[in-house]
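> I would like to see how this sequence folds:
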Amino acid sequence: MDTDKKKVALVTGANTGVGFQVAKALANDGYTVYVAARDIQKGEAAVYKIGSNAKAIQLDITDTESIIAAVAKIHDEFGYLTLLVNNAAISHAGKPGCTMEEILAAQKPSIASIGEMRTVWDTNVFGTLAVTQAFLPLLHNAASARIVTVSSALGSLNLNANPHNPYRAAFDAVYGASKTALNGIFLSLAIELESTNIKVHLVSPGFTATALNNFQGTDTVEHGSLEPIRVALAEGLPNGSFTGPADFAGEGNALPW
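Numbering: from 1, shown residues only. Just a heads-up that it's a prediction; the model follows:
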């Protein structure tokens, strides 16, 4: 097992939005940060803004060969990974620029396209797990490692079962339920890994204005990144935590499953 004298992080979907903010915060904290992007040129542009602690890496989490190549690159350069931040996600598979209202209307379970559902889940659920599985050996090679997965309070079954939840109508069968599935899988992973050197955390940024919702969220990306940044930097959180913004979550920023 290698000792991680230098903290090394990989952030997926890090060329923009919450992922970019998290990558920048980690770099400022002294991590070597791999800024993962499907388009390497966009990753390199993000690295230019972040500075010398950042390194661009091509990674499409739905492409097995891309995942294998990214693992090989980090293995060759460091041999371990201290922190994996699963941030990459999509909200729909339609044309760019759709309004949030149009997306939600098309994703009601009674009419949702099964093809679109498969496409969204392929990124948000299966791709995220595939990346995590591939990087587990490098995470095990660190003295202490963490997996931080960006989820959403929208995926909470407890919150959506509450008729007084103002966001309840936005719980759809495609994007919202993909986050429920993601929560379940990564809670299962936290249980599996609880006796190892790896801790697993889920975190919700809140209703943040990003490309996921056509920039119609109520929080700025800077504000929405605060909780993901806090969790990414924190090393003492309990394994299996699910947290969100302080103005939305309960004690200790905890969210219900």
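> Can you show me the strands along this protein?
Here the chain has its strands, by DSSP state E, at 8-11, 32-37, 54-58, 83-86, 145-150, 198-203, 241-243.
> Run through the residues that contact Ala23.
By CB atoms under 8 Å, 6 or more residues apart in numbering, the contact set of Ala23 is Ala9, Val11, Ala14, Val33, Val35, Ala46, Ile50, Ala54, Val85. Just so you know, the C-beta spots here come from the backbone N, C-alpha and C atoms, and that holds for glycine as well.
> Can you tell me which of those has the most neighbours?
Val11 (36 neighbours; other CB atoms under 10 Å).
> Would you check that that residue makes contact with Asn87?
Yes - Val11 lies in contact with Asn87 (CB atoms under 8 Å); the separation is 5.8 Å.
> what's in contact with stretch 41-60?
10, 12, 14-16, 20, 23-24, 26-28, 30-40, 66-67, 69-70, 73-74, 88, 131.
> Buried ones in it, by neighbour count?
Neighbour-count burial for stretch 41-60 flags 42-44, 46-47, 50, 53-60 (criterion: 16 or more other CB atoms under 10 Å).
> For the protein, name the helix or strand with the lowest mean pLDDT.
helix 221-224 (a mean of 77; mean pLDDT, DSSP states H and E).
> still on that earlier bit, anything in contact with each of Val11 and Asn87?
Contacts common to Val11 and Asn87, judged by CB under 8 Å, 6+ apart, are Gly19, Val22.
> if we can go back for a sec, Leu138: which of the contacts of Ala23 is nearest?
Closest approach to Leu138 among those (CB to CB): Ala9, at 11.4 Å.
> Do I have it right that the closest one meets Leu26?
Yes - using CB under 8 Å, Ala9 is in contact with Leu26, at 5.0 Å.
> Name the residues contacting each of these two.
Counting by CB under 8 Å, 6+ apart, the residues touching both Ala9 and Leu26 are Val33, Leu83, Val85, Ala232.
> Show me what the first one bridges to in the sheet.
Applying DSSP bridges to Val33 gives these bridge partners: Ala9, Ala54.
> Where does pLDDT dip in this structure?
Counting by pLDDT under 70, the chain shows low-confidence ranges at 1-4, 95-96, 207-219, 221, 248-250.
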